[in-house]
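Peer 1: my questions concern the predicted model and sequence given below.
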Amino acid sequence: MDDKLMLMIPGPTPVPERVLSALAKHPIGHRSGDFSKIMAQVIADLKWLHQTQNDVLILTASGTGAMEAGIINFLSSGDRVLVGCNGKFGERWADLCDTFGLRTERITASWGQPLDPDAFRRALEADTQKQIKAVVITHSETSTGVLNDLETINRYVKDHGEALIIVDAVTSLGATNVPVDEWGLDVVGSGSQKGFMIPPGLGFVCVSAKAWKAYETAKLPRFYLDLGKYRKDAAKNTTPFTPPVNLIFALQAALEMMKAEGLDQIFGRHLRLRNAARAAIEALGVPLLVRDAAAASPAITAVEPGHVDSEKVRSVLRQKYDIAMAGGQDHFKGKIFRIGHLGFVSDRDILSAIAALESVLQDLEYPNLPVGAGVTAAAKVIMQW
């Protein structure tokens, strides 16, 4: 049946009808008073979502663009930075730092394992001359479904005193608690196609007063991604360059929906979906990549089927049920598949996806599969929540 694709990937995520309708409106002038009123509401609502009074700036860019902006605006070539690497995106930020001539020190963990906060503590405590200028952390590692202990690592950064904390919150913001002001986070980057429930195309960067002080002396070249320009214009409810007007309409609608649901309810829903997905996979006797539930992201669950090729699982799911799940990346390709459950995803979606997955695993003759156990386990989590 046409037009029945069900997205269960970690981005792009499903888009609500209300947001699609906003996206379909006729554009208006981005220098008009009407657009400035929309920008004022959107900026206020973004601060609500980030739990901050800091600047939250809107870029026409992907999450990677937001993260690049978060690095080049506050650092200079030769600066020493620590980057947590335990998946595809942590490694991407380390490569990005290398590209701009930073002295990048990678603190690593195996893919599927969380970063060790004590490794950051030791490196920061050893830096008695305060040469470390920033610590870059991927909060929710999208490639594996690991949720890194940002709160603890950030506490060690605060004890250091000099370094900025720069956070990739692309699949954590809007899916789990990221209290920017309470934790004192300096730079937080995210993207529209994840927890925000709108299509790709917008990046967001939240900037603290401490980071703006670093901006004054940072020497890396910047023009389009010069956040000082965005800050100046955001104060007038406008943008320095032409924004994607209709994506701003969509963002306005999505944030209104999120406010109506409430932060605690949003975070609770994502935890429930994560727990239901994990319970289902465990009940089926299929290995999870992230074994420790405390380190499991509320946004993505990675499955390591072992007995069958994960790409075959994904292919049959798409062909037979029109359900899209994500594959493994780099050396995990063919070894894992990833179930996205962030953004506009409901209990019904998880139950449907698990039922289809059970059927596919049965078709592929997964050994000793207790058919029906996955749906039963997921439903039990949902009913008891």
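Peer 2: Arrived safely.
Peer 1: okay, CA-based contacts and neighbour counts for the rest of this
Peer 2: OK.
Peer 1: give me the most central residue, this protein.
Peer 2: The centroid of the chain falls nearest to T171 when counting by Cα atoms, centre = their mean (1.4 Å).
Peer 1: surely it and T144 touch.
Peer 2: No - using Cα atoms under 8 Å, T171 makes no contact with T144, being 11.6 Å away.
Peer 1: just the buried residues of the longest helix along the chain, please?
Peer 2: In the chain, with assignment by DSSP state H, the single longest helix is helix 263-283. Neighbour-count burial for helix 263-283, counted by 16 or more other Cα atoms under 10 Å, picks out 263, 266-283.
Peer 1: just checking, what packs against it?
Peer 2: With contacts taken as 3 or more Cα pairs under 8 Å, 6 or more residues apart in numbering; DSSP states H and E, helix 263-283 sits against strand 300-303, helix 347-363, helix 373-384.
Peer 1: that one: how far from the chain's middle?
Peer 2: 16 Å (Cα atoms, centre = their mean, to the nearest Å).
Peer 1: do a quick rundown of the helices in the stretch 101-250 of the chain.
Peer 2: 117-126, 150-160, 180-183, 209-215, 227-234, 245-261 (DSSP state H, counting those that start in this stretch).
Peer 1: could you dump those to a markdown table with mean neighbour count and mean pLDDT?
Peer 2: Converted to a markdown table, the helices of the stretch 101-250 of the chain look like this (neighbours: other Cα atoms under 10 Å; pLDDT from 0 to 100):
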| stretch | mean neighbour count | mean pLDDT |
| --- | --- | --- |
| helix 117-126 | 16 | 98 |
| helix 150-160 | 19 | 98 |
| helix 180-183 | 14 | 98 |
| helix 209-215 | 17 | 98 |
| helix 227-234 | 18 | 98 |
| helix 245-261 | 20 | 98 |
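Peer 1: just name the most buried of the helices and strands packed on helix 263-283.
Peer 2: strand 300-303 (a mean of 28; mean count of other Cα atoms under 10 Å).
Peer 1: can you name every helix or strand that that one contacts?
Peer 2: For strand 300-303, the packing partners by 3+ Cα pairs under 8 Å, 6+ apart are helix 263-283, strand 337-340.
Peer 1: could those be laid out in a markdown table, adding distance to L364?
Peer 2: Formatted as a markdown table, the helices and strands packed on strand 300-303 follow (distance: least, Cα to Cα, whole Å):
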| stretch | distance to L364 |
| --- | --- |
| helix 263-283 | 16 |
| strand 337-340 | 15 |
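Peer 1: which of those sits closest to L351?
Peer 2: With Cα to Cα as the criterion, L351 lies closest to helix 263-283 of those, at 8.5 Å.
Peer 1: got the CA positions of that closest one in CSV?
Peer 2: The C-alpha trace of helix 263-283 is given here as CSV (Å, rounded to 0.1, in the frame of the first residue of the first chain):
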residue,chain,number,x,y,z
LEU,A,263,8.6,18.3,29.6
ASP,A,264,8.1,15.6,32.3
GLN,A,265,5.6,13.8,30.1
ILE,A,266,7.9,14.0,27.0
PHE,A,267,10.8,12.5,28.9
GLY,A,268,8.5,9.9,30.5
ARG,A,269,7.1,8.8,27.2
HIS,A,270,10.6,8.3,25.7
LEU,A,271,11.7,6.3,28.8
ARG,A,272,8.6,4.1,28.4
LEU,A,273,9.2,3.5,24.7
ARG,A,274,12.9,2.6,25.5
ASN,A,275,11.9,0.2,28.2
ALA,A,276,9.2,-1.4,26.1
ALA,A,277,11.6,-1.9,23.2
ARG,A,278,14.3,-3.3,25.4
ALA,A,279,11.9,-5.6,27.2
ALA,A,280,10.6,-6.9,23.9
ILE,A,281,14.0,-7.7,22.5
GLU,A,282,15.1,-9.4,25.7
ALA,A,283,12.0,-11.5,25.8
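Peer 1: state the mean pLDDT of it.
Peer 2: For helix 263-283, the mean per-residue pLDDT is 98.
Peer 1: contacts for it?
Peer 2: Applying Cα atoms under 8 Å, 6 or more residues apart in numbering, the external contacts of helix 263-283 come out as 49, 174-177, 258, 287-288, 297-301, 303, 341-342, 346-347, 350, 354, 370, 373-382, 385.
Peer 1: which residues does C206 bridge with?
Peer 2: Taking DSSP bridges as the rule, C206 bridges to V56, V188.
Peer 1: residues touching it, list them.
Peer 2: 50, 54-57, 186-189.
Peer 1: so what's R80 up against?
Peer 2: 102-105, 131-134.
Peer 1: same question, R122
Peer 2: R122 sits in contact with no residue, where contact means Cα under 8 Å, 6+ apart.
Peer 1: now do it against T128, distance only.
Peer 2: According to Cα to Cα, to the nearest Å, R122 and T128 sit 11 Å apart.
Peer 1: likewise for P200?
Peer 2: In terms of Cα to Cα, P200 sits 42 Å off from T128.
Peer 1: can I see the domain layout of this structure?
Peer 2: 17-260, 262-384 (automatic domain parsing).
Peer 1: will you turn these into CSV that also has distance to D3?
Peer 2: Converted to CSV, these look like this (distance: least, Cα to Cα, whole Å):
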stretch, distance to D3
domain 17-260, 14
domain 262-384, 9
